[in-house]
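K.L.:
After the sequence you'll find the predicted model.
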Amino acid sequence: MLRLPVFTTLLGLAQATAGELHPRNVSVSPYFNAVSDFIDNIQDQIWPINQEIHENPELGWEEERAHQLLTDFMQDQEGWRVTKGVYNISTAFVAVFDGDANQAGPVVSFNAEYDALPQLGHACGHNLIASSSVAAALATAKIMQEKGLGGKVVLFGTPAEESLGGKIRMLEANVFTDHKIDVSIMAHPSTSDTPYAITSSTDRLDLEYIGKEAHASASPYEGINAQDALILAYNAISMLRQQSVSTDQIHGIITSGGSRVNVIPNLATASFQIRSNDEASLEVWTNRLMDCFEAGAIATGATLNLTMRPYGYANMVTNEVMAKSYAKWFTGVGGTLPDPVVDKLREPAGSTDQGDVSHAFPAIHPFFEIVTANGTVPVTGPHTTAFEVASGSRPAFERAMRAAKGLAGVAVDILTTDGMMDDIREEFETQNLAKRLVKSLYIQRR
Ligand SMILES: [Zn+2]
Ligand SMILES: [Zn+2]
């Protein structure tokens, strides 16, 4: 059993001492120093786990080592109940800390990711996500215990975020609803700091055109050129881009297009990814692309086979009440954030399965800037070698711990502020109503 660090104060009255990692702004919350001290004290226990995950990258659904490391660590924490391999998902886990049973209170939850990318290792920095969520969950539980608060803290180990939809599978298995969570909290490393993740709704599909093989010189008129069908579709999409808005994106690669130069190809294959602002606009955009794919088939006579891959991702809907709480804590520990009005005008970039969680529960997914060992930002961003290197650095880990203070702050605010959970729920319901209205507008326009 690991011993948790002793708290110096819970009242936020302690003054800053020399050598502290981060500035102290006790006006943020009466629990500011307690959260900050706790994470400062526990981070050296989390650092080796962070490094071991980073140095041993595992692909989605195969994160056995990370799962073992994190569940072993959580089992050593006083008061936590850990379930490994939940709901037949072998690399998912749930760790629960119960508040005072005599008092009602919200269930605050954190998601820890830990999967890596093929060839690139931890180029998305999910080791830092695991570390920040573990630190934030433990800090929240400590406050809950010290203050005798009701409610629960739940830490979910959420595998397979990279294209495989781990959280969607957990949503479908009712992992989150069975634990009656009120909110979902996590953060992701990036090249800048923001409480607002603005990500696209996305789907992926594989397609193939089946044509008819024929000698390219002796009897081309007997053939049906599958490659031509694919090129036609590709060109139709290229032209469609002219009339699309910048947030409707399509990425595509041709994966095969014939094998011999003197034979009319009877098979051509491709993979595409579609992104748009939200679920409603993604549907409209997808339908327009389907017309392009069909155009290739109609023009050439080839047969089109489409396979939508399981688990497209929904856009991230950030809960404003929670984002404001994060911003207050994050700036309190010395972080700087852009003006929120300007910040929220950003166009979406990337996609995450936390988006799907955010449609089911009030959620946040702030981005936090990381730096390399020499203090530079890996400006090429996630999914690059530079980002993988930065994700293993101590300064990046310390940025993750700073973000963890912000995440814990949101949870502690929810647990200790009268009416905050009601405000969060009210906003969530308003967002759901707005989503339904947008969808009906799109349907009318079609
Ligand atoms: Zn990624
Ligand atoms: Zn990621």
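P.N.:
Yep, that arrived. Numbers count the residues shown, from 1 in each chain. Ligands and ions are numbered 1, 2, ... in the order given.
K.L.:
longest helix of this protein?
P.N.:
As assigned by DSSP state H, the longest helix anywhere in the chain is helix 420-445.
K.L.:
tell me the mean pLDDT for it?
P.N.:
Helix 420-445 shows a mean pLDDT of 83 in the predicted model.
K.L.:
tell me which residues in it are buried?
P.N.:
Of the residues in helix 420-445, those buried by neighbour count under the rule 16 or more other C-beta atoms under 10 Å are Met420, Met421, Asp423, Ile424, Arg425, Glu427, Phe428, Gln431, Lys435, Lys439, Tyr442. Placement of C-beta: from N, CA and C, glycine included.
K.L.:
now the fifth one: how far from Pro362?
P.N.:
Going from Arg425 to Pro362 by C-beta to C-beta, to the nearest Å gives 7 Å.
K.L.:
ok so, going back, how far does the longest helix of the chain sit from its chain's centre?
P.N.:
Computed by C-alpha atoms, centre = their mean, to the nearest Å, the chain-centroid distance of helix 420-445 equals 21 Å.
K.L.:
Please apply the same query to stretch 60-71.
P.N.:
18 Å.
K.L.:
can you check stretch 127-135 too?
P.N.:
Here the centre of stretch 127-135 is set off from its chain's centre by 13 Å, with C-alpha atoms, centre = their mean.
K.L.:
same check, this time on stretch 312-324
P.N.:
The offset between the C-alpha centroid of stretch 312-324 and the centroid of the whole chain comes to 10 Å, using C-alpha atoms, centre = their mean.
K.L.:
before we move on, what about stretch 392-405?
P.N.:
Between the mean C-alpha location of stretch 392-405 and the chain-wide mean there is a distance of 17 Å, by C-alpha atoms, centre = their mean.
K.L.:
what does it rub up against?
P.N.:
Contacts to stretch 392-405, defined as C-beta atoms under 8 Å, 6 or more residues apart in numbering, come from residues 21-22, 35-36, 39-40, 43, 46-47, 50-51, 54-55, 122, 125, 127-129, 131-133, 135-136, 139, 187, 189, 329-330, 333-335, 366, 368-373, 375, 390.
K.L.:
Which parts of this structure are helices?
P.N.:
Assigned by DSSP H, the helices in the chain fall at 32-55, 64-75, 126-147, 166-172, 175-178, 226-240, 279-300, 320-332, 340-343, 354-360, 385-391, 394-416, 420-445.
K.L.:
returning to what we had before: and the buried residues of helix 420-445 as JSON lines, adding distance to Asp228?
P.N.:
Output for the buried residues of helix 420-445, formatted as JSON lines (distance: C-beta to C-beta, whole Å):
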{"residue": "Met420", "distance to Asp228": "60"}
{"residue": "Met421", "distance to Asp228": "59"}
{"residue": "Asp423", "distance to Asp228": "58"}
{"residue": "Ile424", "distance to Asp228": "54"}
{"residue": "Arg425", "distance to Asp228": "55"}
{"residue": "Glu427", "distance to Asp228": "51"}
{"residue": "Phe428", "distance to Asp228": "49"}
{"residue": "Gln431", "distance to Asp228": "46"}
{"residue": "Lys435", "distance to Asp228": "41"}
{"residue": "Lys439", "distance to Asp228": "37"}
{"residue": "Tyr442", "distance to Asp228": "33"}
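K.L.:
What distance do you get for Thr336 to Glu162?
P.N.:
Taking C-beta to C-beta as the measure, Thr336 falls 29 Å from Glu162.
K.L.:
same question, Gly355
P.N.:
To Glu162, Gly355 is 14 Å away according to C-beta to C-beta.
K.L.:
ok, those two, which is more surrounded?
P.N.:
Residue environment comparison for Gly355 versus Glu162 gives the larger neighbour count to Gly355, 27 against 21, counting by other C-beta atoms under 10 Å.
K.L.:
Next one, pLDDT for that one please.
P.N.:
The pLDDT attached to Gly355 in the predicted structure is 96.
K.L.:
does it really touch Gly312, like I thought?
P.N.:
No. Applying C-beta atoms under 8 Å, one finds Gly355 not in contact with Gly312, separated by 9.8 Å.
K.L.:
Give the residues shared as contacts by these two.
P.N.:
Counting by C-beta under 8 Å, 6+ apart, the residues touching both Gly355 and Gly312 are Ser201.
K.L.:
what bits of the protein have low per-residue confidence?
P.N.:
The chain contains residues with pLDDT under 70 at 1-24, 26, 439, 441-446.
K.L.:
Could you tell me how far the residue lying farthest from the centre of it is located from Asn25?
P.N.:
For the chain, the largest distance from the centre (C-alpha atoms, centre = their mean) belongs to Ala218, which lies 54.5 Å off. Ala218 sits at a distance of 81 Å from Asn25 (criterion: C-beta to C-beta).
K.L.:
same check, this time on Asn266
P.N.:
Distance of Asn266 to Asn25, given as C-beta to C-beta: 68 Å.
K.L.:
try Gly296
P.N.:
59 Å.
K.L.:
Also Tyr234?
P.N.:
54 Å.
K.L.:
Check Arg402 too.
P.N.:
Applying C-beta to C-beta, the value for Arg402 to Asn25 is 13 Å.
K.L.:
same deal with Phe368?
P.N.:
With distances taken as C-beta to C-beta, Phe368 is found 18 Å from Asn25.
K.L.:
cool, Ser238 as well?
P.N.:
52 Å.
K.L.:
Who has more neighbours out of the two?
P.N.:
Neighbour comparison, Ser238 and Asn25: the larger count goes to Asn25, with 18 against 12 (by other C-beta under 10 Å).
K.L.:
residues touching the more buried one, list them.
P.N.:
Counting by C-beta under 8 Å, 6+ apart, the residues that Asn25 touches are Phe32, Thr331, Gly332, Val333.
K.L.:
close enough to count as contact, His59 and Ala116?
P.N.:
No, residue 59 isn't His; it's Leu. Yes. Contact status for Leu59 versus Ala116: in contact at 6.2 Å, counting by C-beta under 8 Å.
K.L.:
so what sits against both of those two?
P.N.:
Taking C-beta under 8 Å, 6+ apart as the contact rule, the neighbours common to Leu59 and Ala116 are Glu162.
K.L.:
So these two - more neighbours on which side?
P.N.:
With other C-beta under 10 Å as the criterion, Leu59 and Ala116 differ in neighbour count, and Ala116 comes out ahead with 27 against 14.
K.L.:
Can you tell me the closest non-neighbouring residue to Gln249?
P.N.:
Nearest in space to Gln249, with sequence neighbours left out and distances taken as C-beta to C-beta, 6 or more residues apart in numbering, is Arg275 at 4.3 Å.
K.L.:
same thing with Ala297?
P.N.:
Leu304 (4.0 Å).
K.L.:
can you check Ala197 too?
P.N.:
By the measure of C-beta to C-beta, 6+ apart, the closest residue to Ala197 outside its immediate chain neighbours is His365, 4.0 Å from it.
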